[in-house]
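> Got a predicted structure here, sequence first:
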Amino acid sequence: MITDTNLRLEVIDLFARYVACLDSGNYDAWPDFFTQDCHYRVVPRENYDAGLPLSTLSLHGVPMLRDRLYGVESTLFHAPYYQRHIIGPTLIKEQGDDGLLTETNYLVVRTKRDMPSEIFNTGRYVDRIVITPQGLRFAEKACVFDSELIPNSLIYPI
Amino acid sequence: MNEVEAPLRGESIQTPWTQEGSSRIPAAVYTDRDIYERELSRIFYGRHWSYVGLEVEVPEPGCFKRTSIGERSVIMIRNRKGEVNVLENRCAHRAMRFCQERTGKVKTLVCPYHQWNYNYDGKLLGVPFKNGVKGQGGMPEDFALEDHGLNKLAVSVRNGVVFASFDHDVESFEDYLGPDILRYFDRTFDGRKLVLHGYSRQRIPGNWKLMMENIKDPYHPGLLHTWFVTFGLWRADNKSELWMDDKGRHAAMVSRRSETVDKDVTQGVTSFRENMKLNDMRLLDIVHEPWWGSPTVCMTTLFPSVILQQQVNSLSTRQIIPVGPDKFDFVWTHFGFEDDDEAMVERRMRQANLFGPAGFVSADDGEVIEFSQEGFEQDGDFSTMCELGGRDVENTDHMVTETLIRGMYRYWREVMEL
């Protein structure tokens, strides 16, 4: 167990700020949670468990995250919706020179206009978090989702 | 005693069509339960070949993959001789859908309810207490194992891709596709060994045919999809060809990427962004592969169940599994070739960001299908209009036409007798 209380508090704060950023729709600030050469993936659990390389989204580096945001905001036609992330306590599996290896359960509830809220996507974040002079950043974030069927489309980052 | 046979469900349908031809499609074609039931029985369970999977998904004897044709669950499994069988996932005893795992490897297929046991060819190997217990009970004397196998479908494997049909009188797969479509099928699947890259699954709340229409509609990509028009991947000025089989049910949309922009096709197109630049060009790191020839894209619709995608370096099969008249599951299987180097695998995976449920040029296809379905639901008297390029059905050397959609509905009306 990692007993460094300050580090634990920082991790809790990182996730709290991360989901608050997404749920508020402040997508421009989303890349700030990542290192410049990060790898962000959204990947079905069946591919992840079988070691298959295909992801639903696989973005390398902050510039590619920004390209995704441009796509979401300016090129992809879609029904608007709110997201609400519910996260569980972060399991810190390992602390080494490469940073912290962590897993965090998540549930994303989607609310479309005129519609009841629905479970949109659920799974766990498998992350590598590094300590930088600016604070903690995600060097790798894999959103490994259990959900067998994406309800039509996945537009915003999770 | 003479019984009057009740008409089968879906056998006494009034045609919703109010006119000849196939350029106006009535809303009921997308919403009506009886029409849908007839589609299942005549199209998905009738004399048509449906996509089941890639051979590489079941590499060894006993390896299986569960999937569906229409709403019927089937199992693709390799037998000891190395052949691929497709068996209905329904125990011959009490109809159990006994296979619940999606993939795996088994010694035999066992229904856990009463332990009926089948081999990889669907043959019933044994049933417990067949001869009774201590002289009591047991199966009747005329019970024969060979009468109670799993339902075995007709199977066709071509260059690593597996198709099946519930109707054993179906024509050969090659005749089913016809020479023109077969040529484009073989362009991608030329016998090279395939490598599985993974799956994407989405449920789209729309009629299954809307997805076929989407990939028979070369009109929308250069309008709806900013990426296609801005980066020239699919635009009205691209050199392109549209091919169908004789019956008009299958189609290939073949095109070549334009590096330059013709003002004609971008003027007034609000999705065109002249100054759009990617922050990271690796998303469009296109490397020409020798087998392409000159086309950079080929989208093939094989009626009724699959779309074959070659979009620059991204390859997938997209399987359509209807779930009622108003929704379908859309299963993407991405693949590459055995001789791909590491860089090519990575490239295919990066370009996969354009496709699938989150894709830059695919996520919105699901969205527009959902909204079309909502429009059909709200007014049963509505008919769609598919008259770009006229009202006829013909192959063309341009993409400013909806001829492929008209082709599919000409065939649909024939087979549905509506």
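Okay, I see it.

> Contact partners for residue 88?
In the absence of a named chain, this looks at chain A. By Cβ atoms under 8 Å, 6 or more residues apart in numbering or on different chains, the contact set of A:Gly88 is A:Thr104, A:Asn105, A:Tyr106. (Each C-beta comes from the backbone N, C-alpha and C, glycine too.)

> hmm, I had chain B in mind actually
Contacts of B:Glu88 by Cβ under 8 Å, 6+ apart are B:Arg72, B:Ser73, B:Val74, B:Ile75, B:Leu150, B:Asn151, B:Lys152, B:Leu153.

> tell me the pLDDT at it?
On the pLDDT scale, B:Glu88 is placed at 98.

> That one and chain A: what is the separation?
Shown here: B:Glu88 relative to chain A, a distance of 22 Å by Cβ to the nearest Cβ, to the nearest Å.

> Put together TSV for the contacts of A:Gly88, with neighbour count and pLDDT on each row.
Output for the contacts of A:Gly88, formatted as TSV (neighbours: other Cβ atoms under 10 Å in any protein chain shown; pLDDT from 0 to 100):
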residue	neighbour count	pLDDT
A:Thr104	21	98
A:Asn105	15	98
A:Tyr106	19	98
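
> any chance of those residues in JSON lines, with secondary structure and distance to chain B too?
JSON lines is the format used below for the contacts of A:Gly88 (DSSP: H, G, I helix; E, B strand; the rest coil; distance: Cβ to the nearest Cβ, whole Å):
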{"residue": "A:Thr104", "secondary structure": "strand", "distance to chain B": "21"}
{"residue": "A:Asn105", "secondary structure": "strand", "distance to chain B": "21"}
{"residue": "A:Tyr106", "secondary structure": "strand", "distance to chain B": "16"}
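
> got those residues as a markdown table, with distance to B:Gly324 columns?
Below are those laid out as a markdown table (distance: Cβ to Cβ, whole Å):
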| residue | distance to B:Gly324 |
| --- | --- |
| A:Thr104 | 36 |
| A:Asn105 | 32 |
| A:Tyr106 | 30 |
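
> Which one of these is nearest to A:Val43?
A:Val43 lies nearest to A:Tyr106 out of the contacts of A:Gly88, by Cβ to Cβ, at 13.4 Å.

> OK, contacts around the closest residue to chain A within the stretch 1-150 of chain B?
Chain A sits closest to B:Arg102 of the stretch 1-150 of chain B, with a gap of 7.3 Å, by Cβ to the nearest Cβ. Residues in contact with B:Arg102 (Cβ under 8 Å, 6+ apart) are A:Glu46, B:Lys65, B:Arg66.

> which SS state does B:Val415 fall under?
Of the three states, B:Val415 takes helix according to DSSP: H, G, I helix; E, B strand; the rest coil.

> residues from chain A in reach of chain B?
Selection of chain A residues close to chain B by Cβ under 8 Å from any Cβ of the partner chain yields A:42, A:44, A:46-47, A:50, A:52-61, A:63-64, A:66-68, A:70-71, A:74-79, A:148-155.

> Give the buried subset of those residues as a ChimeraX selection command.
Paste this into ChimeraX to select the buried members of the residues of chain A next to chain B, with burial taken from 16 or more other Cβ atoms under 10 Å in any protein chain shown:
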select /A:42,44,46,47,52,53,54,55,56,57,58,59,60,61,63,64,66,67,68,70,71,75,76,78,149,150,151,152,153,154,155
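
> In strands, which of the residues of chain A next to chain B fall?
A:Val42, A:Pro44, A:Leu57, A:Ser58, A:Leu59, A:His60, A:Ile150, A:Pro151 (DSSP state E).
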